[in-house]
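Engineer: no sequence on this one, just coordinates:
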């Protein structure tokens, strides 16, 4: 702060010295203010971004928060406080598909009235609510009786049905669920292991991983047949898509090559995707 005397000196020399000291102090304060402004601008740039966007983004964020708070307050307010405000129409969800199975539940008030008379049905209301029944595990017990002939004493027994994976016991439905949830729904193996654990199934994530790898060979005959059909066409379009793949501790470049057959009329035929 400038320590100015109560009265200015009357001597011209002392007055000149006082004025020079005041100018030097004002210059020092101006340099100090400029330095602090540069530091503040640097902190704001680091926190809020570049200068053309920082204040606008901050004001926009504050406006969004105020709008959201006002909407919440309007929803929590009683009906009397909402007079004069326009009620936004709520989007109703579409009805369930008609082919979806229905479970009927009848709620009746009873057959006797409070007055002692009998009640009879004159109409009713039907309300449909969408419900979800979580998937459940079942165990298929295959009993194969061993039969013996009374005359020749020959024993016979039915063979086991074919399985998708030999020398392993996952059912086709379980394999389908593991593959779809992994590659279509992008659910990692450790999460599926946790989900199965809540159902009482102790299944390590290495087991579904092995199922997925061995199931990849199942559609090979169909893929080969489609490939032969595509390559037999007169015109074939090809597309090469590079993709990162982790192999042996490093990341390599894999390629997904798609082949599309076009017949003589110009319409698309079969399509084949072959990873490389």
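Structural biologist: That came in fine, so what should we check first? Small disclaimer: the values here were computed from a predicted structure and weren't measured.
Engineer: quick check: domain ranges of the protein?
Structural biologist: Split into domains by automatic domain parsing, the chain comes to 170-218, 219-276.
Engineer: a markdown table for the ones you listed, including mean pLDDT, distance to residue 118 and mean neighbour count?
Structural biologist: For glycine as for every other residue, the C-beta is placed from the backbone atoms N, C-alpha and C. Putting the domains of the chain into a markdown table (pLDDT from 0 to 100; distance: least, Cβ to Cβ, whole Å; neighbours: other Cβ atoms under 10 Å) gives the following:
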| stretch | mean pLDDT | distance to residue 118 | mean neighbour count |
| --- | --- | --- | --- |
| domain 170-218 | 87 | 48 | 14 |
| domain 219-276 | 79 | 65 | 11 |
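Engineer: for those domains, which one sits closest to residue 147?
Structural biologist: domain 170-218 (26.1 Å; Cβ to Cβ).
Engineer: what about the helices in the stretch 151-276 of the chain?
Structural biologist: 172-179, 189-198, 206-215, 220-231 (DSSP state H, counting those that start in this stretch).
Engineer: need the contact partners of stretch 232-240.
Structural biologist: 230, 255-264, 269 (Cβ atoms under 8 Å, 6 or more residues apart in numbering).
Engineer: that older thread, CSV please, covering the helices of the stretch 151-276 of the chain and showing distance to residue 123.
Structural biologist: CSV is the format used below for the helices of the stretch 151-276 of the chain (distance: least, Cβ to Cβ, whole Å):
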stretch, distance to residue 123
helix 172-179, 43
helix 189-198, 44
helix 206-215, 53
helix 220-231, 56
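Engineer: out of the ones you listed, which gets nearest to residue 127?
Structural biologist: With Cβ to Cβ, the closest approach to residue 127 among the helices of the stretch 151-276 of the chain belongs to helix 189-198: 31.1 Å.
Engineer: show me where the stretch 51-200 of the chain has its strands.
Structural biologist: Here the stretch 51-200 of the chain has its strands, by DSSP state E, counting those that start in this stretch, at 147-148, 155-156.
Engineer: wait, doesn't residue 215 sit right on residue 180?
Structural biologist: No - with contact defined as Cβ atoms under 8 Å, residue 215 does not count as touching residue 180 (11.3 Å).
Engineer: just to revisit the earlier point, pick out the most distant pair among the contacts of stretch 232-240.
Structural biologist: Farthest-apart pair in these is 255 and 264; separation 29.7 Å (Cβ to Cβ).
Engineer: picking that back up, and the helices of the stretch 151-276 of the chain: which comes nearest residue 105?
Structural biologist: Residue 105 sits nearest to helix 189-198 of all those, at 27.2 Å, using Cβ to Cβ.
Engineer: give me the helices and strands touching the closest one, please.
Structural biologist: helix 206-215 (3 or more Cβ pairs under 8 Å, 6 or more residues apart in numbering; DSSP states H and E).
Engineer: list of residues touching the helix it packs on?
Structural biologist: 164-165, 168, 170, 175, 178-179, 182-183, 189, 192-193.
Engineer: for the contacts of stretch 232-240, give me TSV that also has distance to residue 221.
Structural biologist: Listed next are the contacts of stretch 232-240 as TSV, based on distance: Cβ to Cβ, whole Å:
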residue	distance to residue 221
230	15
255	23
256	21
257	20
258	20
259	18
260	21
261	19
262	25
263	24
264	28
269	20
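Engineer: what about these, which are in strands?
Structural biologist: 255-262, 269 (DSSP state E).
Engineer: picking up where we left off before, kindly present the strands of the stretch 51-200 of the chain as a markdown table, with separate columns for distance to residue 22 and mean pLDDT.
Structural biologist: A markdown table is the format used below for those (distance: least, Cβ to Cβ, whole Å; pLDDT from 0 to 100):
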| stretch | distance to residue 22 | mean pLDDT |
| --- | --- | --- |
| strand 147-148 | 119 | 84 |
| strand 155-156 | 119 | 84 |
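Engineer: okay, those in JSON lines with distance to residue 206 and mean neighbour count next?
Structural biologist: Formatted as JSON lines, those follow (distance: least, Cβ to Cβ, whole Å; neighbours: other Cβ atoms under 10 Å):
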{"stretch": "strand 147-148", "distance to residue 206": "40", "mean neighbour count": "10"}
{"stretch": "strand 155-156", "distance to residue 206": "39", "mean neighbour count": "9"}
